[in-house]
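Peer 1: Take this sequence and fold it.
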Amino acid sequence: MESSPTGPPHHLNPAGGCPHADNARLLALGGVAPVELPGGIEGMAVLGHDALREFLQHPEVAKDVRHFRALHEGRIAPGWPLLTFATVRGMTTADGDDHRRLRSLVSRAFTPRRVDGLRPRVEELTDTLLDGLAAAGDGAVDLRRHFALPLPMGVICELLGVEERFRDRLHRLSNLVVATGIEPEAVLTANRELLAVLGEMVAGKAERPGDDLTSALIAARDEGGDRLGQEELIGTLVLLIVAGHETTLNLITNAVRALCGHRDQLDLVRAGGASWADVVEETLRWDSPVSYFPFRYPVGDLTVDGTTIPAGTPVLAAYSAAGRDKAAHGPDADRFDVTRPARADAVRNLSLGHGAHYCLGAPLARLEATVALERLFARFPDLELACAEEDLPRHASFVGNSVQELPVRLAPRA
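Peer 2: The predicted model follows:
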């Protein structure tokens, strides 16, 4: 039986915050919920695991911004914080042949075999960062800033051939791009600066190409034809840089928080009762690095889990909610249990997407997180949070799901 959304829409807090209590409340009402986006824009979120799995692969759901009704009706103001997600030119906003064309230009760099070939470099970079932590002394250290960030940022920047001088700026601008609570002028300024940095980077690579993915993309652009346009080149770099480190940064951060808060699970892994890969999978499910990801649009009125989503509605994929959906993961879905992946193979984790737009970098994210966690806790087995979990400042976005800082002590206080 079909129904239209009833009751007031759920207001998505632009300042972010922990999503799980609100997710549980919404899931109790159904797998699809109306939401209010910044600026009072009406949208929908698909929260239930089965509903989200269906929606992500539905043939009548598009990513192209031309289907975004409110934008074309003039109801989206310049500087809207989510506008980049909708309008960036790249594979995340392309459908059909365009999506396949853009994805094919970078997919060979992220095959499981290519990613496995990166393992020695990931291990080397991880050990170097751990040496730096050890040299920091006995006080509290921000593990997010000094470990969880530079590992994936270093790897993706090496793949893209990004010079060291650009990296801090790119991370800062990435943070602003995914933020949902900043003012319009700050949004416009951040986007202008990001385009300027990437333009400078591309110009340098065009003059001095190397054996890297950016140089390969520039070559595809310069070959002519319709393989890659300039806007698509910049949009692809935005995607690769932002998604290539922000997701893994949150994944490593959330996994460390989970293990510090569940020492029995950490002990179980150390005793061989579960693997570090199991920790990664359970973290992806239990505390997804992405909470509400924008946007998809039904090309016609669409019924999902009994609820009608009108054509042209901006829809968010609520990965953090689907991961704790009790209908899919059982009555203990709120519990962090690293043995769960071994007995839940029939319910595929959706945190890295599903269908044609499944995360291209998923193998790399899993490799980086697995290596990082195994070597971190081997080096610092008594690592603990330096403050209470509830005192950790949350990520200022309802898109990303993590904390801004992760102060830890590498050894117990004397």
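
Peer 1: Would you confirm that Leu26 contacts Ala45?
Peer 2: Yes. With contact defined as CB atoms under 8 Å, Leu26 reaches Ala45; the gap is 7.5 Å. (C-beta placed from N, C-alpha, C; glycine too.)

Peer 1: Now list whatever residues contact both of the two.
Peer 2: His10, Ala33, Ala321 (CB atoms under 8 Å, 6 or more residues apart in numbering).

Peer 1: contacting residues for the last one?
Peer 2: Shown in contact with Ala321 (CB under 8 Å, 6+ apart): Pro19, Asn23, Leu26, Leu27, Ala45, Leu47, Gly48.

Peer 1: could you pull out the strands for this protein?
Peer 2: All strands of the chain, identified by DSSP state E, fall at 10-11, 32-37, 41-46, 61-62, 141-142, 292-298, 302-304, 307-309, 315-318, 384-385, 407-409.

Peer 1: so of the ones you listed, which one's packed in deepest?
Peer 2: strand 315-318 (a mean of 26; mean count of other CB atoms under 10 Å).

Peer 1: pLDDT weak spots in the stretch 301-414 of the chain?
Peer 2: 342-347, 413-414 (pLDDT under 70).

Peer 1: Could you state which residue of this structure sits nearest its centroid?
Peer 2: Thr247 (3.5 Å; CA atoms, centre = their mean).

Peer 1: I'd like the distance between it and Ile41.
Peer 2: Distance, Thr247 to Ile41, by CB to CB, to the nearest Å: 25 Å.

Peer 1: Tell me the pLDDT of the closest residue to His171 other than its chain neighbours.
Peer 2: Counting by CB to CB, 6 or more residues apart in numbering, Met153 is the residue found nearest to His171 once chain neighbours are left out, at 6.0 Å. Note for Met153: predicted pLDDT of 94.

Peer 1: what's the burial count for Met153?
Peer 2: Neighbours of Met153 under the rule other CB atoms under 10 Å: 22.

Peer 1: Please determine how far it is located from Glu123.
Peer 2: Relative to Glu123, and taking CB to CB, Met153 is found at 16 Å.

Peer 1: again with Ala77
Peer 2: Counting by CB to CB, the gap from Ala77 to Glu123 is 47 Å.

Peer 1: So for these two, which residue has more residues nearby?
Peer 2: Glu123 (15 against 11).

Peer 1: if I read this right, the more buried one contacts Val371, doesn't it?
Peer 2: Yes. Taking contacts as CB under 8 Å, Glu123 lies within contact range of Val371: 5.7 Å.

Peer 1: Any idea which helix or strand in the chain has the lowest mean pLDDT?
Peer 2: Least confident helix or strand, the chain: helix 340-343 with a mean of 66, by mean pLDDT, DSSP states H and E.

Peer 1: got a list of what Leu360 touches?
Peer 2: By CB under 8 Å, 6+ apart, the neighbours of Leu360 are Met91, Arg103, Val106, Ser107, Phe110.

Peer 1: Dump these into JSON lines; add pLDDT and neighbour count as well.
Peer 2: Below are the contacts of Leu360 laid out as JSON lines (pLDDT from 0 to 100; neighbours: other CB atoms under 10 Å):
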{"residue": "Met91", "pLDDT": "94", "neighbour count": "26"}
{"residue": "Arg103", "pLDDT": "94", "neighbour count": "18"}
{"residue": "Val106", "pLDDT": "93", "neighbour count": "22"}
{"residue": "Ser107", "pLDDT": "92", "neighbour count": "13"}
{"residue": "Phe110", "pLDDT": "91", "neighbour count": "21"}
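
Peer 1: Would you format those residues as CSV with distance to Leu302 included?
Peer 2: Shown next, in CSV, are the contacts of Leu360 (distance: CB to CB, whole Å):
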residue, distance to Leu302
Met91, 22
Arg103, 24
Val106, 30
Ser107, 28
Phe110, 31
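
Peer 1: between those, which is closest to Thr128?
Peer 2: Phe110 (23.3 Å; CB to CB).

Peer 1: do you know how far the nearest residue to that closest one once chain neighbours are set aside is from Ser104?
Peer 2: Nearest non-adjacent residue to Phe110, counting by CB to CB, 6+ apart: Leu360, 5.0 Å away. From Leu360 across to Ser104, the span is 11 Å (CB to CB).

Peer 1: now swap in Ala70 and tell me
Peer 2: 32 Å.

Peer 1: Of these two, which one has the most company?
Peer 2: Between Ala70 and Ser104, Ala70 has the larger neighbour count (other CB under 10 Å), namely 18 against 12.

Peer 1: which stretches of the chain have low pLDDT?
Peer 2: Residues of the chain meeting the criterion pLDDT under 70: 1-7, 225, 342-347, 413-414.

Peer 1: re earlier: and the residue nearest to His171, what is it in contact with?
Peer 2: Arg167, Leu170, His171, His245, Leu249.

Peer 1: Just the helices from the stretch 51-200 of the chain, written as ranges.
Peer 2: Remark: helices assigned in the stretch 51-200 of the chain by DSSP state H, counting those that start in this stretch are 69-72, 83-87, 96-107, 112-117, 119-134, 143, 150-160, 164-178, 184-207.

Peer 1: List the buried residues for stretch 212-223?
Peer 2: Asp212, Leu213, Thr214, Ser215, Ala216, Leu217, Ile218, Ala220, Arg221 (16 or more other CB atoms under 10 Å).
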